[in-house]
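Student: Any chance you could fold what I've pasted below:
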Amino acid sequence: MQERSSIPVPALEADASAVAVRPSPLPPSHARTLAELVLHLAKREASSRHRFTLLGWLWPLARQLAQLGVLIFTFSKVLPLNVPNFPVFVFSGLVAWTWFAAGVGAATTSVVANRHLVFQSTFPTAVLPVIAVVVPLLDVLMALPVLIAMLSTHGELSWTLLFLPVIMLVQLILMCGVAWFVAAAHVFFRDVANVVGLVILLLFYVTPVFYERSRVGHYQWVLQINPMTTVIEAWRSVSLNGQLPFRLAFGVLAGAAALFAALGYLVYRRVQPGFVDEL
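Tutor: The predicted structure is shown next:
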């Protein structure tokens with residue numbers, strides 16, 4: 001997997017020559033500062049990624065639309081699945097899945113790719129995986145107008161779209177938990193990036209991105225233990241079906257995502273002092 005370029009960092013009150021990382025709990029008053037730091041660095045990273053390209057910020061959307069075209073042709077003409085409103089059905093799942101795959105894949109190498117920041121003792125390195133997750137969220141925001149336009153052509157716009165930010169927040173929390181785990185693991189075991197890439201590739205086919213879960217039959221339990229199944233079905237519920245997500249499934253997902261994110265953060269902070277020796 002190709003490593004991402006180093007994330008530019010604004011002026012920070014840090015000693016660049018420091019060689020030890022001593023994580024200390026941040027007071028609640030620093031939450032806003034951390035949020036601003038994440039947004040600032042995410043914006044800088046996204047801008048540098050699309051610099052000197054003709055399409056610029058449109059490239060992520062172009063890739064999603066190209067993949068959408070291939071899936072529509074394959075499963076409408078070659079192997080028809082007979083899913084109503086198939087283009088909207090696929091695109092709503094594709095937007096959520098692309099964010100997950102891009103964010104987790106980039107988060108895996110985020111600490112190693114920005115090792116110079118780890119050497120700054122006052123820099124909160126826990127934000128690096130979060131930045132990797134937030135950057136492709138900007139691509140999701142670019143794709144949402146296209147999704148809404150596709151829904152409007154089919155007369156499917158509903159007030160339930162207002163619930164979409166809640167679903168996106170739950171997905172973001174879940175992704176942050178995964179990101180902290182894989183980013184920390186990759187520092188100590190450099191094979192993790194390859195493993196994560198392989199898992200994401202296989203997970204795509206056991207996630208109902210381009211097919212309905214009901215078509216799996218007796219193997220639906222495989223999809224049900226996949227949290228991205230609940231996430232994608234929640235996206236489709238509010239966008240395509242005009243209904244709120246199933247309360248029990250989405251409630252369990254939200255609670256599990258919060259617990260997993262907390263555990264991922266604690267594990268990350270626990271092993272963080274060993275980063276310098278490995279980098």
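
Student: which stretches of the protein have low pLDDT?
Tutor: Screening the chain residue by residue with the criterion pLDDT under 70, one finds the ranges 1-31, 46-47, 49-57, 155-156.

Student: for it, what spans make up the helices?
Tutor: Taking DSSP state H, the helices of the chain run over residues 31-49, 59-73, 86-108, 110-113, 115-118, 127-153, 164-188, 192-205, 220-224, 227-239, 247-271, 275-278.

Student: is it possible to export these to TSV including distance to Pro80 and mean neighbour count?
Tutor: In short, each C-beta sits where N, CA and C put it, glycine included. Formatted as TSV, those follow (distance: least, Cβ to Cβ, whole Å; neighbours: other Cβ atoms under 10 Å):
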stretch	distance to Pro80	mean neighbour count
helix 31-49	37	15
helix 59-73	11	15
helix 86-108	9	23
helix 110-113	41	23
helix 115-118	50	18
helix 127-153	20	19
helix 164-188	29	22
helix 192-205	18	15
helix 220-224	21	13
helix 227-239	19	23
helix 247-271	29	16
helix 275-278	51	16
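
Student: would CSV of those with distance to Glu212 be doable?
Tutor: Formatted as CSV, these follow (distance: least, Cβ to Cβ, whole Å):
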stretch, distance to Glu212
helix 31-49, 34
helix 59-73, 14
helix 86-108, 8
helix 110-113, 34
helix 115-118, 44
helix 127-153, 18
helix 164-188, 19
helix 192-205, 14
helix 220-224, 10
helix 227-239, 10
helix 247-271, 16
helix 275-278, 43
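
Student: and Leu79, which of those is closest to it?
Tutor: Nearest to Leu79, of all the helices of the chain, is helix 59-73, at 10.1 Å by Cβ to Cβ.

Student: would you put the C-alpha positions of the closest one in PDB?
Tutor: Taking Å, rounded to 0.1, in the frame of the first residue of the first chain, the C-alpha atoms of helix 59-73 are listed here in PDB:
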ATOM      1  CA  TRP A  59     -11.200  13.300  -8.700                       C
ATOM      2  CA  PRO A  60     -12.700  11.300  -5.800                       C
ATOM      3  CA  LEU A  61     -16.200  11.900  -7.200                       C
ATOM      4  CA  ALA A  62     -15.000  10.800 -10.700                       C
ATOM      5  CA  ARG A  63     -13.600   7.600  -9.300                       C
ATOM      6  CA  GLN A  64     -16.900   6.800  -7.500                       C
ATOM      7  CA  LEU A  65     -19.000   7.600 -10.600                       C
ATOM      8  CA  ALA A  66     -16.700   5.400 -12.700                       C
ATOM      9  CA  GLN A  67     -17.100   2.500 -10.200                       C
ATOM     10  CA  LEU A  68     -20.800   3.100 -10.200                       C
ATOM     11  CA  GLY A  69     -21.000   2.800 -13.900                       C
ATOM     12  CA  VAL A  70     -19.100  -0.500 -13.900                       C
ATOM     13  CA  LEU A  71     -21.400  -1.900 -11.200                       C
ATOM     14  CA  ILE A  72     -24.500  -0.700 -12.900                       C
ATOM     15  CA  PHE A  73     -23.500  -2.300 -16.200                       C
END
